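Visitor: quick one, what's the 3D model for this:
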Amino acid sequence: MTRNPSGFQVVIPARYASTRLPGKPLSDIHGRPMVAWVAQAAERSRADGVVVATDDPRIEAAMKEIKVPVQMTSEHHQSGTDRLAEVASAQGWDKDTVVVNVQGDEPGMPPALINQVADLLAEYPEAGVASLCVPITDEQQWRNPNVVKVVLDDTGLALYFSRAPIPHDRDGQGDVPAFRHLGIYAYRVSALQAFTEWSPARLEQIEKLEQLRFMAHGVRIAMAVATEPPPEGVDTPEDLVLVRQQLAPA
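Guide: Just a heads-up that it's a prediction; the model follows:
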């Protein structure tokens, strides 16, 4: 399929609270907050605009100080998707605008992956959401419930997401087409708006995967294998040390 070089918007949800790393978005990486590194990566994509979405005045103040666009949002959102929908409404983006959600704890995010996931919605007009995945080659990872798996149809659309090891190789044929889902999404604003109007779906509540709310209501999710290795997110102090080493000036 032909890539469509159309523009899009990037929103970076950033919450101050974190069980394992309090104040994570403002963690210092060589003199700059982590979320600022994420914003800088997003600015190197084809995005028409980049904005940090937060519910904490400390993050808002830090972004304003370094001239990174920031949008204050409600502290009562149950998910990052709800937060994106509020930003889309506040910014006045129309229903066909594509919004890419980049996690605020992935300072090494390649701009190429941001472009790739946005392009998927141009390639799949029937989809309201797009995301990326990578092949799973390690059985331990495949069986790990903290690793979200996705099964695709023959056209590249998602059939199902699960924490279980899917698809199941009943007859032991081997060479199972297993894929790990990555946490980067592109949405049409119309899909974001619809998401906020729906109650959590039963499968969403069982798996604790909010993308299943879209699928429960018939919204198709376009998928593609990431064109380059995705970054590791920062969840612990040990992760932060590693990222500081990776992003150290030459």
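Visitor: quick one: which helix or strand includes Y160?
Guide: When elements are assigned from DSSP states H and E, Y160 belongs to strand 158-162.
Visitor: what helices and strands are in contact with that strand?
Guide: Judged by 3 or more C-beta pairs under 8 Å, 6 or more residues apart in numbering; DSSP states H and E, the packing partners of strand 158-162 are strand 149-152, helix 211-216, strand 220-225. C-beta here means a position set from N, CA and C on the backbone, and glycine is covered the same way.
Visitor: which one of the ones you listed lies closest to W93?
Guide: Among these, helix 211-216 comes nearest to W93, with 18.4 Å by C-beta to C-beta.
Visitor: just to revisit the earlier point, tell me the mean pLDDT over the strand holding Y160?
Guide: For strand 158-162, the mean pLDDT works out to 98.
Visitor: mind starting the numbering at 13 from now?
Guide: Sure, I'll start numbering at 13, so the last one becomes strand 170-174.
Visitor: what strands flank the next helix-or-strand element following that strand, and is each parallel or antiparallel?
Guide: Remark: after strand 170-174, the chain's next helix or strand is strand 191-200, criterion DSSP H and E. Taking DSSP bridges as the criterion, strand 191-200 forms sheet pairs with strand 110-113 (antiparallel), strand 139-147 (antiparallel), strand 161-164 (antiparallel).
Visitor: using CSV, write out every CA atom in strand 191-200.
Guide: C-alpha atoms of strand 191-200 as CSV (Å, rounded to 0.1, in the frame of the first residue of the first chain):
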residue,chain,number,x,y,z
PHE,A,191,3.1,-11.0,18.1
ARG,A,192,3.7,-8.6,21.1
HIS,A,193,1.5,-5.5,21.1
LEU,A,194,3.3,-2.2,21.5
GLY,A,195,1.8,0.6,23.4
ILE,A,196,1.7,3.2,20.7
TYR,A,197,-1.7,4.1,19.1
ALA,A,198,-3.2,6.3,16.4
TYR,A,199,-6.9,7.2,16.6
ARG,A,200,-9.4,9.1,14.6
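Visitor: just the buried positions in the following helix or strand past that strand, please.
Guide: Next in sequence after strand 191-200, counting helices and strands by DSSP H and E, comes helix 201-209. Under the neighbour-count criterion of 16 or more other C-beta atoms under 10 Å, helix 201-209 has 201, 203-204, 206-208 buried.
Visitor: same question for stretch 61-74.
Guide: Buried residues in stretch 61-74 (16+ other C-beta under 10 Å): 62-68, 71-72, 74.
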